[in-house]
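S.K.: Let's see this in three dimensions:
(one chain, ligands or ions: 2)
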Amino acid sequence: MQRFEILDKDAMGRIGRLETPHGRIETPALMPVINPNIEFIPAKDMRKFGAEILITNAYIIYRTPELREKAIKKGVHGVLEVDMPVMTDSGSYQLMVYGDVEISNEEILKFQIDIGSDIIVPLDVPTPPDADYGTALSDLEVTLQREREALKLERGDRLLALPIQGSTHMDLRRRCAEEVVKMGGDVYPIGGIVPLMDTYRFYDLVKIILEVKSVLPSYAPVHLFGAGHPMVFALAVALGCDLFDSAAYALYAKDDRYLTPHGTKKLEELQYFPCSCPICLEYTPGELRRMDNDDKQRLIAEHNLWVSFEEIRRIKQAIKEDNLFELVECRIRSHPNLMFAWRQIREYGWLLEQYDPSMKHSFLYAGVESCYRPAVLRHHERVLNVELPDKDEIIISADEGVLADFYLRPAFGVVPIEMLESYPAGHAEIPPSELLEDEALEIAVQGLKRFLDHHSDRRFVIVASGKWLKFLKDLPENAVIKHDKP
Ligand code: GUN
Ligand code: ZN
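M.R.: Ligands and ions are numbered 1, 2, ... in the order given. Below is the predicted model:
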């Protein structure tokens, strides 16, 4: 049965609907992690922040006698005192941190089924980044074996998550993705990435997501396991991730760390709160600093939840408005590692092309990365099929004041007059070429050269001046340059 429905799309991101035994949730969704042992922010309060689904740890419940008894009697929903969807993790995280867990895969799966979890997870092996190939491969074989075992269990209408591991070995990530799709899970978490998040290794993170997405079908809901910092949400959604879990809201709060969509702040360094959530409106950073630890940490955690869900809503609205690229290109400027991580989309143009809608309203240039959007690549292709006027010499002008057959535009390259008013080239807000990054002109000239080569039997005059001339070099023989302003 198809449990995931896609309602709207932008970039590789989507707004979707996931059906669970406790009702449907809208994605992208953030699942606050509830530690069943520690009453920090009660599960039943999570709705007010925007949570539609929670995640808790079945292994912790299993290992704590009172919780286990209660869970067997009243289910996991009874333990958390909620009736909203609840995903349970298996203890794999403890496996990664402590190297061992005292339970078998089958036992923890059956326990999750018995306590009425909405989304169950096998005991996958989260191989850390940079593991040697042999270790990553043998871990992966264990993970896949456990996932096959999970499929054989009678689980009623519960959803089964099949995590994708493989460390930083891209062929293993792809292989794992192929295998789990063949098995047919309901949710596909990308696992083993917490150490990448913690060390800001966003380049590897983006690479893993892109490699996995290049194998997974579009209708597969993807969970980025353990990525709870709002600074990566927009980027991860734009790459096609649908579910997130946040332990970060609580873990960071315990350390006096305050989340923002741009990064983390230490409470001690804040003079002002850059946020208008109920907590930041009511208190000043100084007031929080003077509180006792419990109150302070709870209030920071509440702020952390407010901003995290606010960012999710902002991303959803960006998908509705078709400007998720613009949001991501803004967010990646919060950290250089995010910026060069995102730039890898250049090598995955074919993949983005399959997802990104071709009709939108506007194109706001936010930096060189805007040139890597599918809209630009598609324009370069499309213009090759435009019919040329029946003239000896065809004029392509970089200056809009000159009457020409085609115009030369940053990023887009050759733009026929009839496309000057339409999306994308005609609706693109781009700074003047003189003020623009070189790359935006280089990409335009690459497009121009392809266009000229494509029409090698025709003659062209390129009217240009200023900064364009720096890049209009080594043109094919069918083109001459005419200096616009001497
Ligand atoms: N929590 C954070 N990372 C992981 C992972 O890779 N697998 C599971 N099961 N839980 C996680
Ligand atoms: Zn706040």
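
S.K.: Relative to Asn478, how far out is the residue located most distally from the centre of the chain?
M.R.: Ranked by distance from the centre of the chain (Cα atoms, centre = their mean), the top residue is Asp392, with 49.3 Å. As judged by Cβ to Cβ, to the nearest Å, Asp392 and Asn478 stand 12 Å apart. To be clear about C-beta, it is placed using only N, CA and C from the backbone, and glycine gets the same treatment.

S.K.: just Asp204 next, same as before
M.R.: Distance from Asp204 to Asn478, counting by Cβ to Cβ: 44 Å.

S.K.: which of the two has more neighbours?
M.R.: Asp204 (19 against 14; other Cβ atoms under 10 Å).

S.K.: circling back: now for Asp392 and Asn478: what residues contact both?
M.R.: With contacts taken as Cβ atoms under 8 Å, 6 or more residues apart in numbering, the residues that reach both Asp392 and Asn478 are Arg459.

S.K.: Give me the distance from the one helix or strand Glu211 maps to to the chain's centre.
M.R.: Using DSSP states H and E, Glu211 maps to helix 202-213. Centroid separation between helix 202-213 and its chain, computed with Cα atoms, centre = their mean, to the nearest Å, is 10 Å.

S.K.: And the next helix or strand past it?
M.R.: Assigned by DSSP H and E, the successor of helix 202-213 is strand 222-224.

S.K.: Select the helix or strand of the protein having the lowest average pLDDT value.
M.R.: helix 92-98 (a mean of 88; mean pLDDT, DSSP states H and E).

S.K.: any idea which helix or strand comes after that one?
M.R.: Sequence-wise, the next helix or strand beyond helix 92-98 is helix 105-114, with elements assigned using DSSP H and E.

S.K.: does any part of that following helix sit near ligand 1?
M.R.: No - contact between helix 105-114 and ligand 1, assessed by Cβ under 6 Å from any ligand atom, is absent, since the two come no nearer than 10.1 Å.

S.K.: Give me the helices and strands touching that helix, please.
M.R.: Contacts defined by 3 or more Cβ pairs under 8 Å, 6 or more residues apart in numbering; DSSP states H and E place helix 105-114 against helix 58-63, strand 119-120, helix 133-152.

S.K.: tell me the average confidence for it?
M.R.: Helix 105-114 shows a mean pLDDT of 98 in the predicted model.

S.K.: With stretch 43-58 instead?
M.R.: 98.

S.K.: can you give me the end-to-end distance of that stretch?
M.R.: Its first and final residues considered, stretch 43-58 spans 15 Å by Cα to Cα, to the nearest Å.

S.K.: now it, how far from the centre of its chain.
M.R.: Taking the mean of its C-alpha atoms, stretch 43-58 sits 21 Å from the chain's own mean (Cα atoms, centre = their mean).

S.K.: Could you list the buried residues of it?
M.R.: Neighbour-count burial for stretch 43-58, counted by 16 or more other Cβ atoms under 10 Å, picks out 43, 46, 49-58.

S.K.: just to revisit the earlier point, may I see the helices and strands packed on helix 105-114 arranged in JSON lines, with distance to Ala227 as well?
M.R.: As requested, the helices and strands packed on helix 105-114 are exported to JSON lines (distance: least, Cβ to Cβ, whole Å):
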{"stretch": "helix 58-63", "distance to Ala227": "20"}
{"stretch": "strand 119-120", "distance to Ala227": "17"}
{"stretch": "helix 133-152", "distance to Ala227": "19"}
